[in-house]
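Q: Here is the input, now give the coordinates:
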Amino acid sequence: MLRILLKKQFAEIFKTYFYNPKKNRMRSKAGIAGWFLFFFVIIFGMFGGLFAFLSASMCGTLVTAGLGWFYFLLLGLIATMLGVFGSVFNTYASLYLAKDNDQLLCLPIPVKTIMTARLMNVYLMGALYTTAAFLPALIVYWIAAGTSVSKVVCGLLLLLILTVIVLFLSCLLGWLVAKISLRLKNRSFTTVLVALLFFGVYYLFFFKLQDILNSILQNAMVYGDAVKGAAYVLYLLGRIGEGAVVPAVIFTIVSIGLLALLFALMTRSFLSIATASGKTGKVRYVEKQAKEKPVFGAVLGKEFARFTSSPNYMLNCGLGLLFIPVIGVLVLWKGEVAVDVLNSVFSGMPGTAAVLFCTALLTLTSMTDIAAPSLSLEGKSLWIPQSLPVTPATVLRAKVSVQVILTSVPMLFAAVCAAIVVKESPAVRLLVLAVPMLYTVFSALYGMFIGVKMPLLNWTDETAPIKQGGAVTIVLFSSWGFCAVFAALYMLFAYRIGPVLYLSIWAAVFAVGALLLLRWLNTKGSRIFAAL
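A: Purely as a prediction, here's the structure:
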């Protein structure tokens, strides 16, 4: 039974490799092999190569200084952190709050067997990330310092010890995430906020990593003595990589004890969390008169609810909404400096700064593609909006309006900031404000146009139309192409007509284009939608 559950867990993790959600069918054997080959190339080729380069830049200096243990401690800590971050959300989703907990617990399968299978799944995922980061460090050390039986055996033991530490920390953090999640009512926004926090910490760490490593290498002796004095246990952990047998035996015994402790703790907490229903507020019925909503308002509310209920939809199609106001603040803060630099560099092209500021705002708008997959996300439930007592045009306009409303508010702020900063005439400032706003409407209508022309409705996973749909791909790349053409035409020859006329022409293009697309959605687009 354990083998069957492990096979099931493995199939769930690599579901996309076995099954094509876009075409709703199994992949061929060659396709499956290709996907796994691609996976291992990414993990052990690119990812492992990055850590091999990092290890090579540190190993020689630290080994020469007699700080090989410090080298293993640093790389071990980095590998542990990556292993924990790589598996903590898998722990939360597959160990504690898996969607099939109720089904499995209803079967005549011991709870410990279910828990063990999922625990092994978490261990394998964490071990994969940890190995990809730490194994290159071992190989680089063996090349630089030479090999012996004790170095190779103890080095591999250190890797196993790190994977046990990763498992323990992943389960602890996954337990905390699961506990917090059960107390929250709106999990979609919580998932988005946690993901954004994770991305922020991840990129901040890697932006600062080089400076941190340079500081450590320059003061390696000082840091090494500090670790020996304040955390001797960490010194012993690093000594394992150099081939120290006694610390290796001690930490191996401790790791086995950690596994036993983890299993005991999981046995006590797994069933209570896996069967928890989450926080449900007590609702007291109060009789009140329902307010009638206009037809368009009701459909628009449904579309907003669809967007806010899906973390995948919000993160992949609405992430640009966060960058627009941030760029607006940066423009107010450093915009004048940028304008002075652009004016001095392009002194023979008046108005270049205003055009490039508009280009930046248009590019930010292009990063938001809520409308493009919205029709495809109806999937097999498409009959519901088709059967409502509303016109197809109303449904399509509501889908477009979600992107327009969500994008136009932050874009108005950013455009006002850009109009304040650019040192141009009032007419240019007004156009710097108008062009991005018109493009916001045009971009949403264009996304809906491509979405209607290229719907993807036979998916089994909502990430298929969001990440793999042809409509999203075409909208993103063609929108970036619009932005490139917008800037390139002015830089090449249109600067001769000046920024007022140039921006006015584009404002007219976006306005007319938006009207034509709206007319198409109300007529032909509505007929296509009704016939799907």
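
Q: For the stretch 301-450 of the chain, just list every one of the helices.
A: Along the stretch 301-450 of the chain, the stretches classed as helices by DSSP state H, counting those that start in this stretch are 311-317, 320-345, 352-366, 383-387, 392-421, 426-453.

Q: Contact partners for Val295?
A: Contacts for Val295 (CB atoms under 8 Å, 6 or more residues apart in numbering) come out as 390, 394. C-beta coordinates here come from the backbone N, C-alpha and C atoms, glycine included.

Q: Distance of it relative to Pro392?
A: 13 Å (CB to CB, to the nearest Å).

Q: just Tyr129 next, same as before
A: For Tyr129, the distance to Pro392 (CB to CB) stands at 47 Å.

Q: tell me the domain ranges of the protein?
A: Annotated domains of the chain cover 2-274, 295-531 [automatic domain parsing].

Q: quick one: average pLDDT of the first one?
A: So that's domain 2-274. Domain 2-274 shows a mean pLDDT of 78.

Q: Help me confirm that Val111 comes into contact with Arg118.
A: No: judged on CB atoms under 8 Å, Val111 makes no contact with Arg118 at a distance of 10.9 Å.

Q: The two: who's more crowded?
A: Comparing Val111 with Arg118 by other CB atoms under 10 Å, the one with more neighbours is Arg118, at 25 against 13.

Q: Determine the three-state secondary structure at the more buried one.
A: Here Arg118 is recorded as helix under DSSP: H, G, I helix; E, B strand; the rest coil.

Q: That one and Gln9 touch, don't they?
A: Yes: between Arg118 and Gln9 a contact is recorded at 6.5 Å, counting by CB under 8 Å.

Q: Tell me the pLDDT of Gln468.
A: The confidence metric pLDDT takes the value 69 at Gln468.

Q: sorry, back to before: pipe the domains of the chain into JSON lines and attach distance to Val286 per row.
A: Shown next, in JSON lines, are the domains of the chain (distance: least, CB to CB, whole Å):
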{"stretch": "domain 2-274", "distance to Val286": "19"}
{"stretch": "domain 295-531", "distance to Val286": "21"}
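
Q: Looking at these, which one is packed in the most?
A: Most buried of those, by mean neighbour count (mean count of other CB atoms under 10 Å): domain 295-531, with a mean of 19.

Q: and that domain, how far from the chain's centre?
A: Here domain 295-531 is found 21 Å from its chain centre; the criterion is CA atoms, centre = their mean, to the nearest Å.

Q: What's the end-to-end length of that domain?
A: With CA to CA, to the nearest Å as the measure, the first residue of domain 295-531 is 22 Å from its last.

Q: And the helices in the stretch 1-150 of the chain, which stretches?
A: Remark: helices assigned in the stretch 1-150 of the chain by DSSP H, counting those that start in this stretch are 2-13, 15-18, 29-40, 48-64, 68-91, 101-106, 111-145, 149-182.

Q: JSON lines for those helices, including distance to Ser269?
A: Converted to JSON lines, the helices of the stretch 1-150 of the chain look like this (distance: least, CB to CB, whole Å):
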{"stretch": "helix 2-13", "distance to Ser269": "19"}
{"stretch": "helix 15-18", "distance to Ser269": "27"}
{"stretch": "helix 29-40", "distance to Ser269": "32"}
{"stretch": "helix 48-64", "distance to Ser269": "34"}
{"stretch": "helix 68-91", "distance to Ser269": "13"}
{"stretch": "helix 101-106", "distance to Ser269": "14"}
{"stretch": "helix 111-145", "distance to Ser269": "10"}
{"stretch": "helix 149-182", "distance to Ser269": "7"}
